[in-house]
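**Student:** Sequence first, predicted coordinates after that:
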Amino acid sequence: MSGYIIYIFIFFILFGFVFSSILEYLNSKNWNDSIPDVLKDFYKKSDYKRAKNYKIDRDKVSLISSLLSTSITIMFIVSGFYGKIGDYSIYYFDSLFLQSAAFFLFFLIISTAISLPISYYSVFTIEEKYGFNKTTKITFLKDKIKGLLMSLIIGGFILFVSIQIYSLFGADFWLWLWLFLSIFLILTNMFYTTLIVPIFNKLSPLEEGSLKNKIEEYSKKIGYSLDKIFVIDGSKRSSKANAFFSGLGPKKTIALFDTLIEKYEEDELVAVLAHEVGHYKKNHIKQGLLLSV
């Protein structure tokens, strides 16, 4: 029976890889060589071609990363490597938490070692090639260290609570674990901008003025309750312009990249926000959260 279970695991891992790769291929294939007539007055042919080539280059890196990850995972399953590391963890530690932590930490280190050069190439070769990169090597290193520390702290917390739930509820642990993870996911979504983003970026309240007034007027007009409007220092990593909003209920916040404010007029910025608010109005955020739960 255990042999069949291994084959089932391998099947779903391969299915996920092949399915996502096919979707990416079909998506890339739909980039036509010509610009639609309705966009010709707004979109230069050279910019369109550059965007297409950028997408193709990023897809190649993504494919290599997925192929490498899938191959190593299957190799570890077939060779019994996961089991061997589990045995070593049990041998060296008496505590269930330390056994589990040692197991996950080992594979976190391997994952980081594999993903680091790919991430470095993506930032300092692909992004640099198309003139987007503003990240320094020091910032890149700090981001990776912060990300690793967050994985250790948050992952350690989730692991500790999970083990306590397992110990308390036995065979019914999965239901309470699901409930805990669901609540954790919802709280993370609510406070992402105010708690997680500041670890990597500087958030500043949008200054009083015409832009803030227009955003607030637009929000009131469509009945979108807005808690805070932030400016994020995205320019220290990329020249790309972006915006996002997060939160649920009364804790909804909007973050504008400083590059977006620099490059676009106020009415254009409000139009960008209209797109972001559209996701909320169409319940995309709630639907995505529900699917995650």
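**Tutor:** Thanks, I have it.

**Student:** Scan this structure for its longest helix.
**Tutor:** With secondary structure taken from DSSP state H, the chain has its longest helix at helix 45-79.

**Student:** For it, which helices and strands make contact with it?
**Tutor:** Where contact means 3 or more C-beta pairs under 8 Å, 6 or more residues apart in numbering; DSSP states H and E, helix 45-79 is packed against helix 2-29, helix 96-121. Every C-beta, even on glycine, is put in place using the N, C-alpha and C of the backbone.

**Student:** Now do the following helix or strand past the last one: which elements does it pack against?
**Tutor:** Scanning the chain past helix 96-121 towards its C-terminal end, the next helix or strand to appear is helix 128-129 (assignment: DSSP states H and E). Contacting helix 128-129 under the criterion 3+ C-beta pairs under 8 Å, 6+ apart is no other helix or strand.

**Student:** What are the buried residues along the very next helix or strand once past helix 128-129?
**Tutor:** Downstream of helix 128-129, the first helix or strand assigned by DSSP H and E is helix 137-169. Neighbour-count burial for helix 137-169, with 16 or more other C-beta atoms under 10 Å as criterion, is recorded at 140, 143, 159, 162-166.

**Student:** cool, stretch 69-80 as well?
**Tutor:** 69-70, 73-74, 76-77.

**Student:** Among the helices and strands packed on helix 45-79, show me which one is buried the most.
**Tutor:** helix 96-121 (a mean of 15; mean count of other C-beta atoms under 10 Å).

**Student:** any idea of the angle that helix forms with helix 45-79?
**Tutor:** Relative orientation of helix 96-121 versus helix 45-79 (axes from the mean of the first three to the mean of the last three C-alpha atoms, to 10 degrees): 150 degrees.

**Student:** Heading C-terminal from the helix-or-strand element of the chain with minimal mean pLDDT, find the next helix or strand.
**Tutor:** The least trusted helix or strand in the chain, going by mean pLDDT, DSSP states H and E, turns out to be strand 243-246, with a mean of 79. Of the helices and strands lying after strand 243-246 in sequence (DSSP H and E), the nearest is strand 253-257.

**Student:** what about dumping the CA coordinates of whichever helix or strand comes after that next one to CSV?
**Tutor:** Per DSSP H and E, strand 253-257 leads on to helix 258-263 as the next helix or strand towards the C-terminus. Only the C-alpha atoms of helix 258-263 are listed here, as CSV (Å, rounded to 0.1, in the frame of the first residue of the first chain):
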residue,chain,number,x,y,z
ASP,A,258,6.4,56.1,-5.1
THR,A,259,7.3,55.2,-8.8
LEU,A,260,3.5,55.3,-9.6
ILE,A,261,3.1,58.8,-8.1
GLU,A,262,6.2,60.0,-10.0
LYS,A,263,5.2,58.7,-13.4
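
**Student:** Contacts for helix 258-263, please.
**Tutor:** The list of residues contacting helix 258-263 from outside it, by C-beta atoms under 8 Å, 6 or more residues apart in numbering, reads 211, 231-235, 238-243, 269, 272.

**Student:** List the buried residues in that helix.
**Tutor:** For helix 258-263, by 16+ other C-beta under 10 Å, it's 258-261.

**Student:** what do you get for stretch 225-235?
**Tutor:** 226, 229-232, 234-235.

**Student:** so Tyr43, which of the three states?
**Tutor:** coil (DSSP: H, G, I helix; E, B strand; the rest coil).

**Student:** so it makes contact with Ser34?
**Tutor:** No - applying C-beta atoms under 8 Å as the test, Tyr43 and Ser34 come out as separate, 11.1 Å apart.

**Student:** So which of these two has more stuff around it?
**Tutor:** When Tyr43 is set against Ser34 and neighbours are counted by other C-beta atoms under 10 Å, the residue ahead is Tyr43, at 13 against 8.

**Student:** residues contacting the residue nearest to the more buried one when sequence neighbours are not counted?
**Tutor:** In space, and not counting its chain neighbours, Tyr43 is closest to Ile35: 5.6 Å by C-beta to C-beta, 6 or more residues apart in numbering. By C-beta under 8 Å, 6+ apart, Ile35 lies in contact with 43, 45, 48.
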